[in-house]
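1. model this:
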Amino acid sequence: MGIYLNPGINMFQKAINSKIYIDKTGLLAYTNTLIDTNNNFICISRPRRFGKSMTAQMLAAYYGTEDCGHLFQECRIAKDASFEAHRNKYNVILLNMQDFLSTSYHMAAMKALIEKSILWDLLEAYPGLRYFDTQNLVRTLQDIYAQTKKAFVFIIDEWDCVFREHKNQKGSQKQYLDFLRTLLKDKPYVALAYLTGILPIKKYGTHSALNMFDEYSMTNPRQLAEYTGFTEQEVQALCHQYHRDFAETKRWYDGYRLTGTDGKSFQIYSPRSVVTAMLSGIFDTYWNQTETFEALRDYIVLNYDGLKDTIIGLLAGDHIQIETGSFTNDMSTFENADDVLTLLVHLGYLGYDFIQKEAFIPNYEITLEFINAVRSAGWDEVIQAVKTSRQACYGD
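-> Numbers count the residues shown, from 1 in each chain. I've put the predicted structure just below:
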């Protein structure tokens with residue numbers, strides 16, 4: 001095992017050992033259908049604290065080389081016919097791009113650090129093979145696959161950190177996308193590539209450097225809707241276990257109405273908030289532990305196309321039709337109010353009804369975040385509308 005190559009089962013073991021663990025291993029049954037197919041590139045985007053890193057660790061534990069059978073024996077995936085066929089059959093490369101970005105001053109340094117780090121693990125794991133160029137990551141991966149026939153599963157967490165932290169550095173963003181494209185696209189050593197982050201894949205006009213990826217997002221999660229957060233049935237079970245008021249839990253943390261396959265709808269709850277409320281017994285806004293209201297304020301004060309009036313309507317409980325197709329999947333390129341609202345959907349500040357194409361504030365917790373943002377933005381004329389909406393929607 002290495003740091004990035006086959007990092008083992010320890011991190012997923014910690015998740016299972018936690019006081020609250022919700023079994024989402026059914027997702028593995030779906031990813032197993034994609035292995036070594038033309039659909040083996042997927043990008044899963046969801047807000048902060050919706051379990052992205054835990055899911056990445058689950059995939060790494062299942063597909064990597066350390067025996068994980070005992071971890072999954074009581075999980076849903078163990079009952080699936082594909083469980084043994086793919087368990088511990090691949091080399092896994094697990095990368096958290098935030099770690100590399102945080103220690104790099106520019107994109108060239110980040111790219112070099114990623115390549116050197118993976119090569120370090122690869123050459124230690126496979127010292128006896130013939131290599132054409134041990135400083136060339138792609139060629140080394142090709143050499144290992146050609147001589148061992150053991151394919152790789154790439155799991156990339158925080159894949160979009162470059163677009164979130166270097167919002168206006170378009171050149172660096174394009175270099176980053178091109179790096180990922182060179183590493184992954186049309187490479188026989190890739191059995192599965194799994195990207196996860198907050199944002200879907202960045203678009204440049206009609207072209208995307210990563211156009212081989214199928215995307216599952218907060219606007220269209222498709223087959224993965226039930227794995228995006230906690231379902232209503234899961235939250236009901238937690239409320240029963242911890243003797244919490246389900247109606248109050250629903251008021252505070254429900255509202256992400258996601259549409260799966262065949263139009264099946266799922267009521268999705270914010271996982272981090274639900275877990276904290278269950279363990280503490282206190283219903284409060286835990287969103288600001290992952291995002292600050294200043295982040296929300298910075299987007300709504302842009303006031304594209306009379307966005308202020310739209311926010312008033314949302315606070316009053318309105319559902320607003322939006323067009324999500326023009327959003328370029330970054331945090332700085334906005335042409336209209338719909339682009340800003342679409343970003344807020346991906347950030348989790350708004351829910352989205354795929355069938356009706358409507359955005360809305362999902363729950364009381366997020367309403368309080370909007371109230372803080374509006375107050376901070378100095379929208380004094382909105383405050384009265386906020387008070388009215390709180391009374392109408394929540395009775396306080």
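
2. Run through the helices of the stretch 251-396 of the chain in chain order.
-> Counting by DSSP state H, counting those that start in this stretch, the stretch 251-396 of the chain has helices at residues 271-280, 293-300, 307-315, 337-347, 364-377, 380-394.

3. can you list contacts of the longest helix along the chain?
-> Criterion DSSP state H: the longest helix present in the chain is helix 107-125. Contacts to helix 107-125, defined as C-beta atoms under 8 Å, 6 or more residues apart in numbering, come from residues 2-6, 93, 95, 100-101, 103-104, 131, 134-135, 137, 140-141, 144, 162, 169, 171-172, 175-176, 179. Every C-beta, even on glycine, is put in place using the N, C-alpha and C of the backbone.

4. which ones among those are found in strands?
-> Judged by DSSP state E, these include 93, 95 as members of strands.

5. out of the contacts of helix 107-125, which are buried?
-> Among the contacts of helix 107-125, those buried by neighbour count (16 or more other C-beta atoms under 10 Å) are 2, 4-6, 93, 95, 100-101, 131, 137, 140-141, 144, 162, 169, 172, 175-176, 179.

6. ok, and the helix or strand in this structure with the lowest average confidence?
-> Across the helices and strands of the chain, the lowest-confidence element by mean pLDDT, DSSP states H and E is helix 380-394, at a mean of 60.

7. Name the SS class of the residue nearest to residue 272 when sequence neighbours are not counted, please.
-> Excluding the flanking residues, the one nearest residue 272 by C-beta to C-beta, 6 or more residues apart in numbering is residue 49, at 3.4 Å. Put simply, residue 49 is coil when judged by DSSP: H, G, I helix; E, B strand; the rest coil.

8. what's the neighbour count on residue 49?
-> When neighbours are counted by other C-beta atoms under 10 Å, residue 49 registers 20.

9. Can you give me every residue that contacts it?
-> Contacts for residue 49 (C-beta under 8 Å, 6+ apart) come out as 270, 271, 272, 273, 290.

10. Check residue 78 too.
-> By C-beta under 8 Å, 6+ apart, the contact set of residue 78 is 25, 72.

11. what does residue 283 give?
-> Counting by C-beta under 8 Å, 6+ apart, residue 283 has contacts 248, 249, 252, 277.

12. May I ask which helix or strand encompasses the first one?
-> Using DSSP states H and E, residue 248 falls within helix 246-253.

13. and that helix, what does it pack onto?
-> Counting contacts by 3 or more C-beta pairs under 8 Å, 6 or more residues apart in numbering; DSSP states H and E, helix 246-253 packs against helix 232-242, strand 265-269, helix 271-280, helix 364-377.

14. 10 Å instead, please
-> helix 232-242, strand 265-269, helix 271-280, helix 364-377, helix 380-394 (3 or more C-beta pairs under 10 Å, 6 or more residues apart in numbering; DSSP states H and E).

15. mind putting the ones you listed in CSV, mean neighbour count and distance to residue 42 included?
-> Below are the helices and strands packed on helix 246-253 laid out as CSV (neighbours: other C-beta atoms under 10 Å; distance: least, C-beta to C-beta, whole Å):
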stretch, mean neighbour count, distance to residue 42
helix 232-242, 16, 23
strand 265-269, 21, 19
helix 271-280, 20, 20
helix 364-377, 20, 27
helix 380-394, 14, 36
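
16. in terms of contact, does residue 70 touch residue 9 like I think?
-> Yes. Using C-beta atoms under 10 Å, residue 70 is in contact with residue 9, at 9.1 Å.

17. pLDDT at residue 87, what is it?
-> At residue 87, the model reports a pLDDT of 96.

18. Look up how far residue 218 lies from it.
-> In this view, residue 87 and residue 218 are 30 Å apart by C-beta to C-beta, to the nearest Å.

19. Farthest-apart pair in the contacts of residue 283, please.
-> Pairwise distances across these (C-beta to C-beta) peak at 8.7 Å, for the pair 248 and 277.

20. which residues do these two both contact?
-> Jointly contacting residue 248 and residue 277 under the rule C-beta atoms under 10 Å, 6 or more residues apart in numbering are 239, 283.

21. Just the pLDDT for residue 329.
-> pLDDT, residue 329: 79.

22. Would you check how far apart it and residue 160 are?
-> According to C-beta to C-beta, residue 329 and residue 160 sit 8 Å apart.

23. returning to that earlier point: return the closest of the contacts of residue 49 with respect to residue 312.
-> Of all the contacts of residue 49, residue 312 sits closest to residue 270, with 23.9 Å by C-beta to C-beta.

24. List the contacts of the closest one.
-> Residues in contact with residue 270 (C-beta under 10 Å, 6+ apart) are 47-50, 229-230, 252-256, 276-277, 286-287, 290, 348, 362-363, 365-366.
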